[in-house]
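Asks: need a structure here:
(3 chains)
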Amino acid sequence: MEKAMLVFQTDFTYKEGAVCSMYGVVKSVDRSLEIITGTHDLPQYDTWSASYRLYQSMKFWPEGTVFVSVVDPGVGTPRKASVALTDNGYYIVTPDNGSLTHVDAVFGIKEIREIDESVNRLKGKDTEEVSIFHGRDLFGYCAARLASGIIDFEGVGPAYGLNEIVRFPLLEPSAEDGSIKGIFEINDPNFGNLWTNIPLSLFRDKGFEFGDYLNLTIRQNGEIKFDKKLLFHKSFGFEEKGKPMIYNNELMKISLAVSQGSFCDDFNIGYGSDWTVEFKKA
Amino acid sequence: MEKAMLVFQTDFTYKEGAVCSMYGVVKSVDRSLEIITGTHDLPQYDTWSASYRLYQSMKFWPEGTVFVSVVDPGVGTPRKASVALTDNGYYIVTPDNGSLTHVDAVFGIKEIREIDESVNRLKGKDTEEVSIFHGRDLFGYCAARLASGIIDFEGVGPAYGLNEIVRFPLLEPSAEDGSIKGIFEINDPNFGNLWTNIPLSLFRDKGFEFGDYLNLTIRQNGEIKFDKKLLFHKSFGFEEKGKPMIYNNELMKISLAVSQGSFCDDFNIGYGSDWTVEFKKA
Amino acid sequence: MEKAMLVFQTDFTYKEGAVCSMYGVVKSVDRSLEIITGTHDLPQYDTWSASYRLYQSMKFWPEGTVFVSVVDPGVGTPRKASVALTDNGYYIVTPDNGSLTHVDAVFGIKEIREIDESVNRLKGKDTEEVSIFHGRDLFGYCAARLASGIIDFEGVGPAYGLNEIVRFPLLEPSAEDGSIKGIFEINDPNFGNLWTNIPLSLFRDKGFEFGDYLNLTIRQNGEIKFDKKLLFHKSFGFEEKGKPMIYNNELMKISLAVSQGSFCDDFNIGYGSDWTVEFKKA
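Replies: Residues are numbered from 1 along each chain as shown, chains lettered A, B, ... in the order given. Have a look, this model is predicted:
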């Protein structure tokens, strides 16, 4: 049977030797394992981003792929080190610190197990007393054993209740009287786009169509930070370079961009539950 | 037959989940395909850099390698999504937006085809109405099918005229009366070096040799921005740390560096057709 | 026999086409070679960091792995281009410019050979007169030939004396009268932690235990830059977010962190032999 691929996402960056050490451990468990760098540039300590990025990319991988997500501000403390099996057949090896929130909400988690450190932690190489690098000593090592077939899912450690999984609260968008309200769930820190929690389908239900102009109001803690009529269209190239616009993002969520620019930077807008958005027909 | 490797270059960065999603699509087409990260750090929307970097690295890869280049400010608009076959036997999957300029000029393009979206676009996974991520839904997916042998080059879609390829103008260097003139075509944004369009061979023709001191004048739109006598030598270590110098770069083009420093930053010099350089014997 | 893996670390970044060209050369030597990106984000020209990062990650890889380390400010000058075989069975392909210091001191070097450019340098592709990119033309190419089995270790070139290896001076920590003194050897530039040269074992010998409060004095060239009582504990989560603390790092060395913050930035502290640290019982 073909061994599962390992897809890593962390906030380690490549500025020092952490990624290299972690990948070495994987290859020392089983030379034939295939390692994919999802990203090592997640925002530091940002378990919300870890959760969102897992949700964003997971379904595009073959079933059975093992994701290793290490954004772990609580490393070495009693937070659980876990492996989740999702309803759609993926494994996620991660600290149970909120990183499973979106995958759980969107795809569902079937079973979760706490990693048994007595079995699935790296031994030797002067690592036994190290408490601060579970990416190398625990998550990477355990994931490699799972992907390689040295252990099966039961071999990870004891199962625990799905209700014990640490979850962030998720807010739902709402619609009334020709107005649709939501929040910015996250941004695209590269292109400076902002992604709301409003699905395209809700826009459709309310009769908002590509090519329409919509009034957009952005508030931070109730205070208006942006209030303008914007084009809603399929892609960036339909608006002039440098102009803000509304579009449907790669996850079918209503989003904001500046054509070949940065909405975040140009208008100084952030994301999180204190940032609300409201769309109305112009 | 061995399947072709896929070499990716984009301006996505690893700051969010785009690369991970794109690579997942490739692996879902054919688990056995080998993905190489050329770079995901190209300057944003900079199709000129995309073109130059393809030219810079392509010939070092085995013939038949499939390059996927996604710097795509016009995504979702009617710009063509294409696969080019070069005269020296490589495939390039890219928006036809100028990214083929240098490869075409230096190595030649034998044939180009527009990707047939009805066949070679990802289906399902809630992607049909997404217009803004062709790296994932079109270029990555189509390239994987080509590299895997699921389609042959004809299977990409209809061929179109080589004269229709979008090309940037390229400027040629000139020499007269002991002076050689050119432009800065691009920089090395890491080490702060500047690369001219003047080949070493032209320096040789005019009798400029390693070890010579040359007068260098840099103008921006005609205005002098730098005017100094500099050492022309084989490598950085021949000049003192912190001192500017002239050298022959990895593509056999005359270039400027500061030994263990940054020419761009130290002298505030950029690149493009408005920046001209002139070399004379000192 | 299985071919060795190639693990690369450089200061090239991915901002231009250097990594892609270098990897292409490897794959053109032998398509089946496995390339691992250790890092391309080492600090520019910083051979000390190159040395430290090799030491940090090497032992976690399978024996026989070939490391290619290219931080090479002296490229093109007479500094030696070498391949070292370590006492614990790894190969390191690198300019002999100090990059072998830590591996030599910690694990030992068994034999070192200078790369014979007449045999182990890339030919053709217009590279013969390029003096500034040995990562592509020499180190990458030679490493690929070695890993592939085209040459054995003797085939690299002539051996030279171990005493000729370029080494940085390494300073040892000291302990007396309940005080332990050392230096900051390096930082973690991502999380802003500082790593001393003091092993946990020395703390233990002097009766410093996890959970203790210790007085820490940091001096730069003798001048006090930081002087505070700090918690010494197993991991970051034992201190409040934003508070500085002492911990045992992944290499069993005493280190400093700010919980979910940056010690380097918050207190403006650097590393190197001019930065001394002194710990005393509080």
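Asks: and the residue of the stretch 101-250 of chain A nearest chain B?
Replies: residue A:235 (2.4 Å; CB to the nearest CB). (Glycine included, C-beta is placed from N, CA and C.)
Asks: Could you tell me the backbone phi and psi angles at the residue nearest to that residue when sequence neighbours are not counted?
Replies: Take residue A:235 and drop its neighbours on the chain: the residue closest to it by CB to CB, 6 or more residues apart in numbering or on different chains is residue B:76, 2.4 Å away. Main-chain torsions, residue B:76, degrees, to the nearest 10: phi 90, psi -10.
Asks: Could you verify my assumption that residue B:76 touches residue B:132?
Replies: Yes: applying CB atoms under 8 Å, one finds residue B:76 in contact with residue B:132, separated by 5.6 Å.
Asks: Of the two, give the one with the bigger neighbour count.
Replies: Remark: of residue B:76 and residue B:132, residue B:132 carries more neighbours, 22 against 19, as counted by other CB atoms under 10 Å in any protein chain shown.
Asks: how about that one, what does it touch?
Replies: Each residue near residue B:132 by CB atoms under 8 Å, 6 or more residues apart in numbering or on different chains is listed here: A:234, A:235, A:236, A:247, A:248, A:249, A:250, B:75, B:76.
Asks: Dump those residues to CSV, plus distance to residue A:147, pLDDT and secondary structure.
Replies: Below are the contacts of residue B:132 laid out as CSV (distance: CB to CB, whole Å; pLDDT from 0 to 100; DSSP: H, G, I helix; E, B strand; the rest coil):
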residue, distance to residue A:147, pLDDT, secondary structure
A:234, 39, 94, coil
A:235, 37, 94, coil
A:236, 38, 94, helix
A:247, 37, 97, strand
A:248, 35, 97, strand
A:249, 31, 97, coil
A:250, 27, 96, coil
B:75, 34, 91, coil
B:76, 37, 84, coil
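Asks: could you list every residue that touches the residue of the stretch 151-282 of chain A found nearest chain C?
Replies: Proximity of the stretch 151-282 of chain A to chain C (CB to the nearest CB) peaks at residue A:190, 13.5 Å away. Residues in contact with residue A:190 (CB under 8 Å, 6+ apart) are B:11, B:12, B:13, B:15, B:16, B:18, B:44.
Asks: Am I right that residue A:207 is in a helix?
Replies: No: according to DSSP: H, G, I helix; E, B strand; the rest coil, residue A:207 belongs to no helix; its state is coil.
Asks: Let me know the helix or strand that the residue nearest to residue A:93 when sequence neighbours are not counted is in.
Replies: With CB to CB, 6+ apart as the criterion, residue A:93 has its nearest non-adjacent residue at 4.3 Å, and that residue is residue A:143. Using DSSP states H and E, residue A:143 falls within helix A:140-148.
Asks: Can I get that helix as PDB, trimmed to CA atoms?
Replies: Taking Å, rounded to 0.1, in the frame of the first residue of the first chain, the C-alpha atoms of helix A:140-148 are listed here in PDB:
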ATOM      1  CA  GLY A 140       7.000  15.200  13.100                       C
ATOM      2  CA  TYR A 141       8.100  11.900  14.600                       C
ATOM      3  CA  CYS A 142       4.600  10.600  15.300                       C
ATOM      4  CA  ALA A 143       3.300  11.700  11.900                       C
ATOM      5  CA  ALA A 144       6.100   9.900  10.200                       C
ATOM      6  CA  ARG A 145       5.300   6.700  12.100                       C
ATOM      7  CA  LEU A 146       1.700   7.000  11.100                       C
ATOM      8  CA  ALA A 147       2.300   7.800   7.400                       C
ATOM      9  CA  SER A 148       4.800   5.000   7.200                       C
END
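Asks: Following element in sequence after it, please.
Replies: strand A:159-160.
Asks: What mean pLDDT does stretch A:195-209 get?
Replies: The average of the pLDDT scores along stretch A:195-209 is 96.
Asks: thinking again about what came up before, OK, contacts around the residue of the stretch 101-250 of chain A closest to chain B?
Replies: Counted by CB under 8 Å, 6+ apart, residue A:235 has contacts A:247, B:75, B:76, B:77, B:131, B:132.
Asks: at 10 Å what do you get?
Replies: A:210, A:245, A:247-248, A:257, A:259, B:72-77, B:130-134 (CB atoms under 10 Å, 6 or more residues apart in numbering or on different chains).
Asks: Check whether the residue nearest to residue A:235 really touches residue B:130, as I assumed.
Replies: Yes: using CB atoms under 10 Å, residue B:76 is in contact with residue B:130, at 9.0 Å.
Asks: list residues touching both of these two?
Replies: Common contacts of residue B:76 and residue B:130, defined by CB under 10 Å, 6+ apart, comprise A:234, A:235, A:247, A:248.
Asks: May I see those organised as a markdown table, with distance to residue A:277 added?
Replies: Formatted as a markdown table, the shared contacts of residue B:76 and residue B:130 follow (distance: CB to CB, whole Å):
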| residue | distance to residue A:277 |
| --- | --- |
| A:234 | 19 |
| A:235 | 20 |
| A:247 | 14 |
| A:248 | 14 |
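Asks: Out of the residues you listed, who's the most crowded?
Replies: Neighbour max across these (other CB under 10 Å) = residue A:247, 26 neighbours.
Asks: What's the separation between residue A:193 and residue A:248?
Replies: 12 Å (CB to CB, to the nearest Å).
Asks: overlap in contacts of those two?
Replies: A:255, B:132.
Asks: Could you list the residues of the stretch 51-200 of chain A in contact with chain C?
Replies: Contacts of the stretch 51-200 of chain A with chain C, taken as CB under 10 Å from any CB of the partner chain, map to A:72-79, A:122, A:124-137, A:140-141.
Asks: Convert the C-alpha atoms of stretch A:195-202 to CSV, please.
Replies: Only the C-alpha atoms of stretch A:195-202 are listed here, as CSV (Å, rounded to 0.1, in the frame of the first residue of the first chain):
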residue,chain,number,x,y,z
TRP,A,195,-11.9,37.5,3.1
THR,A,196,-15.3,37.7,4.7
ASN,A,197,-17.4,34.8,6.2
ILE,A,198,-20.2,35.5,3.6
PRO,A,199,-20.6,32.8,1.0
LEU,A,200,-21.3,33.7,-2.6
SER,A,201,-24.5,31.8,-2.3
LEU,A,202,-25.9,34.3,0.2
